[in-house]
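Colleague: Give me coordinates for this.
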Amino acid sequence: HYSSRPIVLYYLVRLPPFTYLAMDMQGGRLDIADRLFRSIPETWASFQKVTGDVRELIPEMFYLPSCLLNMNHFNLGKTQGPTPTEVQDVELP
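Modeller: Predicted structure coming up:
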């Protein structure tokens, strides 16, 4: 099983030029905040619960910590729900 373009962009959305590639894939804007990579614990929980969730870690996760930080201050939006949260850096375990 190999990572596809959407999966790679899911993880690297905070890191140019991948931010712009993700925007291009979504019609010129980023996906809604609830579907962006924002938490390692939440992503891990999704792997455990949803049998169709086949995202795999990409090599950059092991040597490029800047892919977890919103250093360019992109507007990644706010999550929906009773307590909306602004998406910035990836939450670590």
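Colleague: all contacts plus neighbour counts: C-alpha atoms, from now on.
Modeller: Noted.
Colleague: any weak-confidence spans in the protein?
Modeller: 1-2 (pLDDT under 70).
Colleague: neighbours around the closest residue to Val13 other than its chain neighbours, how many?
Modeller: Spatial nearest neighbour of Val13, excluding adjacent residues (C-alpha to C-alpha, 6 or more residues apart in numbering): Thr19 at 4.6 Å. Look at Thr19: counted by other C-alpha atoms under 10 Å, it has 18 neighbours.
Colleague: which element is Thr19 on?
Modeller: Per DSSP states H and E, Thr19 falls inside helix 18-25.
Colleague: thinking again about what came up before, wait, the residue nearest to Val13 sits on Leu9?
Modeller: Yes - under the criterion of C-alpha atoms under 8 Å, Thr19 makes contact with Leu9 at 7.5 Å.
Colleague: before we move on, back to that, and the helix holding Thr19, which residues are buried?
Modeller: Neighbour-count burial for helix 18-25 flags 18-22 (criterion: 16 or more other C-alpha atoms under 10 Å).
Colleague: For the residue of the chain most remote from its centre, which three-state class applies?
Modeller: Relative to the mean C-alpha coordinate of the chain, counting by C-alpha atoms, centre = their mean, the farthest residue is Pro82 (21.4 Å). Using DSSP: H, G, I helix; E, B strand; the rest coil, the secondary structure recorded for Pro82 is coil.
Colleague: could you measure it against Arg35, distance?
Modeller: Distance from Pro82 to Arg35, counting by C-alpha to C-alpha, to the nearest Å: 17 Å.
Colleague: cool, Glu86 as well?
Modeller: Glu86 is 13 Å from Arg35, where distance means C-alpha to C-alpha.
Colleague: got it, and Leu76?
Modeller: Taking C-alpha to C-alpha, one finds Leu76 at 10 Å from Arg35.
Colleague: go on, Leu68?
Modeller: Leu68 is 15 Å from Arg35, by C-alpha to C-alpha.
Colleague: contact partners of the helix ranked longest in the chain?
Modeller: Criterion DSSP state H: the longest helix present in the chain is helix 40-49. Helix 40-49 is contacted from outside by 37, 53-55, 90-93, using C-alpha atoms under 8 Å, 6 or more residues apart in numbering.
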